[in-house]
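[1] Structural data only, the sequence is not supplied:
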C-alpha cells in the first residue's frame, strides 16, 4: 500500500473534485477521503476584510509541509495526502488552502487532516496581510492555533 | 551567509534578503539578532521585540539559542499565519 504525497504551492485555484480523483485514481484500497478547504473570509475578528495577500518562504514552505505530511503518514494508516496552498491576493470567498487525506477508514483520514491543518497554521512559513476599510496590516497569530497544534504533541 | 526576511520583518528592514558577514563573536541566533539590531534604526525597529521573531536555519525552525555556525541561509519572520 503506497501513500503518495502531493504538495503544491501555487497562485492558481484548485479543483477539489479533480484533486480527489487524482488521489484515488486506479485504487480500490481507499475507503475514506477527507477534504478540508480554507477560504478567504470577509469578517475577521474586528474588521470587514476586503482582500488578503498570502506571502510564503519558497523552499522552506514545501519542506515544512512535507515534514508534517510524512509525520501524518507515520502516525496514521494513510493511503495518500494532498496539500495545496495558494499564494497571492485573494478576495472573500476564494480558496486559499486544500488538504486531502485518504485512508481505509474515516477516523485516520479525519484526524490526519486536522493534524495537518493545525500544523499548517502554526509552522508552515506563510503570512497573511489583510486589507480593510481601516487600512492594511499583517494578521497576528492566534494563541488558539498554537493550542490546537500543541494537542498533537506526543507526551 | 545569506539572510532572508519575511512579512513585516522584511518591510521594516526594507529588503527581502542580503548577504552578511557577522564577526566570529556572534555565535547564536539571539546574538545575530542583537548584532543586526545595531546596524541601523530600520533593523532595530524590525527586531525591537526579539522574542516575537521566529528564525529558520537552512529551512528548519530553530530556537534563539541555536548556533549559526555553518548556516547557509538564515531567515527571520513573524509568527506564521497561513492555512
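    Looks like it arrived, so ask away. Since the model is a prediction, treat every value here as computed from it, not as a measurement. Numbers count the residues shown, from 1 in each chain, chains lettered A, B, ... in the order given.
[2] all contacts plus neighbour counts: C-alpha atoms, from now on.
    Noted.
[3] List, one by one, the residues from chain A near chain B.
    Residues of chain A found near chain B (C-alpha under 8 Å from any C-alpha of the partner chain) are A:38, A:54-57, A:59-60, A:63-64, A:85, A:96-97, A:117, A:120-128, A:138-141.
[4] The same query, at a cut-off of 7 Å, please.
    With C-alpha under 7 Å from any C-alpha of the partner chain as the criterion, chain A meets chain B at residues A:38, A:60, A:97, A:117, A:120-128, A:139-141.
[5] how about the residues of chain B near chain A?
    Counting by C-alpha under 7 Å from any C-alpha, chain B comes close to chain A at B:7, B:59, B:79, B:80, B:81, B:82, B:83.
[6] Nearest residue to the second one in space, please, no chain neighbours.
    Just to be clear, that refers to residue B:59. residue A:60 (4.6 Å; C-alpha to C-alpha, 6 or more residues apart in numbering or on different chains).
[7] Who are the contact partners of residue A:123?
    residue B:80 (C-alpha atoms under 7 Å, 6 or more residues apart in numbering or on different chains).
[8] again, only using 8 Å
    A:64, B:80 (C-alpha atoms under 8 Å, 6 or more residues apart in numbering or on different chains).
[9] Ramachandran coordinates for it?
    For residue A:123, the backbone dihedrals (degrees, to the nearest 10) come out as phi -130, psi 0.
[10] Where does pLDDT dip in chain A?
    For chain A, the stretches flagged by pLDDT under 70 are A:1, A:44-46, A:154-155.
[11] what do you get if the cut-off is 50, keeping everything else the same?
    Applying pLDDT under 50 to chain A flags no residue at all.
[12] Number of residues surrounding residue B:78?
    23 (other C-alpha atoms under 10 Å in any protein chain shown).
[13] Report pLDDT for it.
    Residue-level confidence at residue B:78 comes out at 98, pLDDT.
[14] separation between the closest residue to it other than its chain neighbours and residue A:128?
    Nearest residue to residue B:78 in three dimensions, chain neighbours excluded: residue B:53, at 5.2 Å (C-alpha to C-alpha, 6+ apart). From residue B:53 over to residue A:128 the distance is 16 Å, taken as C-alpha to C-alpha, to the nearest Å.
[15] more crowded one of these two?
    Shown here are residue B:53 and residue A:128; by other C-alpha under 10 Å, residue A:128 has more neighbours (24 against 17).
[16] Return the residues in contact with that one.
    Applying C-alpha under 8 Å, 6+ apart to residue A:128 gives the contacts A:52, A:53, A:54, A:55, A:138, A:139, B:81, B:82.
[17] Please apply the same query to residue A:43.
    By C-alpha under 8 Å, 6+ apart, the residues touching residue A:43 are residue A:49.
[18] Next one: it from chain B, what distance?
    Noted for residue A:43: a distance of 16 Å to chain B, by C-alpha to the nearest C-alpha, to the nearest Å.
[19] related to what we said a few turns ago, so which of the residues of chain B next to chain A belong to strands?
    Among the residues of chain B next to chain A, no member falls in strands (DSSP state E).
[20] Can you lay out the residues you listed as TSV showing neighbour count?
    Below are the residues of chain B next to chain A laid out as TSV (neighbours: other C-alpha atoms under 10 Å in any protein chain shown):
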residue	neighbour count
B:7	23
B:59	20
B:79	22
B:80	22
B:81	24
B:82	26
B:83	27
